[in-house]
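Participant: I would like the atomic coordinates for the input below:
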Amino acid sequence: DVQLQASGGGSVQAGGSLRLSCVASGFNFEQYIIGWFRQAPGKEREGVSCMDGYDGRTVYADSVKGRFTISRDNAKNTVTLQMNSVRPEDTAVYYCQLPNFRGRDYWGEGTLVTVSS
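Facilitator: Numbering: from 1, shown residues only. Take a look at the predicted model:
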């Protein structure tokens, strides 16, 4: 079974850093894109970043470009989101996602990030 487990959330002051991790299992990790999404209170879930397993191509939302960095370790089936210079508007539950695997998207349980001003 496909499983995605996100961790690393917590409380941090604005301007600080936080590192999120997503450990995956149940599929050939290196062959697939893994993404990070977030959902703030009262808002829709939005894409934050994703990374291709084959060629390492990355995509970032405009709101996090230059502050967040996505990386992956295919040997450890892990994708990491390094969050620097965080802002109060980064407060959200963060989810990792395996998109379009055998006809559906898979989501891990979220990890809460709270940024105080």
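Participant: so what's G8 closest to, chain neighbours aside?
Facilitator: Counting by C-beta to C-beta, 6 or more residues apart in numbering, G8 lies nearest to L20, which is 4.1 Å off, once chain neighbours are set aside. C-betas here are computed from N, CA, C, even on glycine.
Participant: With V86 instead?
Facilitator: The spatially closest residue to V86, leaving aside those adjacent along the chain, is V115, at 4.7 Å (C-beta to C-beta, 6+ apart).
Participant: Find the helix or strand that that neighbour is a member of.
Facilitator: Following DSSP states H and E, one finds V115 within strand 111-116.
Participant: Who are the packing partners of that strand?
Facilitator: Packing partners of strand 111-116 (3 or more C-beta pairs under 8 Å, 6 or more residues apart in numbering; DSSP states H and E): strand 10-13, strand 18-25, strand 92-101.
Participant: Note down every partner strand of the shortest one and its orientation.
Facilitator: Strands adjacent to strand 10-13 in the sheet, as given by DSSP bridges, are strand 111-116 (parallel).
Participant: Redo the helices and strands packed on strand 111-116 as a markdown table? Include mean neighbour count, distance to D52 and mean pLDDT.
Facilitator: Formatted as a markdown table, these follow (neighbours: other C-beta atoms under 10 Å; distance: least, C-beta to C-beta, whole Å; pLDDT from 0 to 100):
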| stretch | mean neighbour count | distance to D52 | mean pLDDT |
| --- | --- | --- | --- |
| strand 10-13 | 13 | 28 | 98 |
| strand 18-25 | 19 | 14 | 98 |
| strand 92-101 | 20 | 11 | 96 |
